[in-house]
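Undergrad: Structure for this input, please:
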Amino acid sequence: MSAAHHPADAADATPDHKLTLRLWLRLLGCSTLVEKAVRARLAAEFDTTLPRFDVLAALERTPKGLQLGELSRALLVSNGNVTGVIARLVAEGLVDRRVDEADGRVVRVSLTRAGREAFLEMAGAHEAWIEGMLEGLAHADQTELLTLLTRLQRVLMKRGTGEKQA
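TA: Sure, this is the predicted structure:
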């Protein structure tokens, strides 16, 4: 079957037929493919999970540390999810949990030196994986796609349907 007669191409050729739904499904499909690959590579190469990587990334961006509630909000997950991940990372010596100097009722978490080193190694590999996955798109296409997705994100945020993101 030639590319011109592929069923997915035929559906795309139909003007505006459920365009927004097709767009959403394509975005979701791409996101799922990338996430699945990243999860597999993190497990295989670093014996870790995507939630652990996300926690380490959030803490790396905030050297002074975060309160657990701040971390939960930053990751868009429940406090319970973060608490379990943090407990394991503390036990492994990758994260430090301490009482806030300014407010003794507040607990802050931050990366240890070993945690920062481990994260930076994973982050370098992660960047290479993403570059490898997207290398089939020309630089101009990547730039255009980023521009369009940024515009979409702003529209969603303006309508109150999305969380503020970086």
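Undergrad: From now on I want contacts and neighbour counts done on CA atoms only, so please keep to that.
TA: Noted.
Undergrad: And the pLDDT at the residue nearest the centre of the chain?
TA: The central residue of the chain, meaning the one whose C-alpha is nearest the mean C-alpha position (CA atoms, centre = their mean), is residue 54 at 6.6 Å. On pLDDT, residue 54 comes in at 95.
Undergrad: measure it to residue 155 for me?
TA: Going from residue 54 to residue 155 by CA to CA, to the nearest Å gives 25 Å.
Undergrad: mind listing the strands in this protein by residue range?
TA: For the chain, the strands identified by DSSP state E occupy 66-67, 95-99, 107-111, in order along the chain.
Undergrad: deepest of these, which one?
TA: Among those, judged by mean count of other CA atoms under 10 Å, the one packed with the most neighbours on average is strand 107-111 (a mean of 22).
Undergrad: Contacts for it, please.
TA: In this structure, residues lying in contact with strand 107-111 by CA atoms under 8 Å, 6 or more residues apart in numbering are 56, 59-60, 62-68, 94-100.
Undergrad: Now do that strand: distance to the chain's middle.
TA: A distance of 20 Å separates the centroid of the chain from that of strand 107-111, by CA atoms, centre = their mean, to the nearest Å.
Undergrad: Check stretch 101-116 too.
TA: Relative to the centre of its chain, stretch 101-116 is centred 22 Å away, using CA atoms, centre = their mean.
Undergrad: What of stretch 83-99?
TA: On the basis of CA atoms, centre = their mean, stretch 83-99 is displaced by 20 Å from the centre of the chain it belongs to.
Undergrad: Okay, now it: how far is its last residue from its first?
TA: One end of stretch 83-99 sits 15 Å from the other (CA to CA).
Undergrad: In this protein, what helix or strand scores lowest on average pLDDT?
TA: Sorted by mean pLDDT, DSSP states H and E, the helices and strands of the chain end with helix 7-13, the least confident at a mean of 52.
Undergrad: wait, doesn't residue 89 sit right on residue 97?
TA: No: with contact taken as CA atoms under 8 Å, residue 89 and residue 97 are classed as non-touching, separated by 9.8 Å.
Undergrad: how near is the closest residue in space to residue 109 that isn't next to it in sequence to residue 59?
TA: Counting by CA to CA, 6 or more residues apart in numbering, residue 97 is the residue found nearest to residue 109 once chain neighbours are left out, at 4.5 Å. If you measure residue 97 against residue 59 using CA to CA, the figure is 12 Å.
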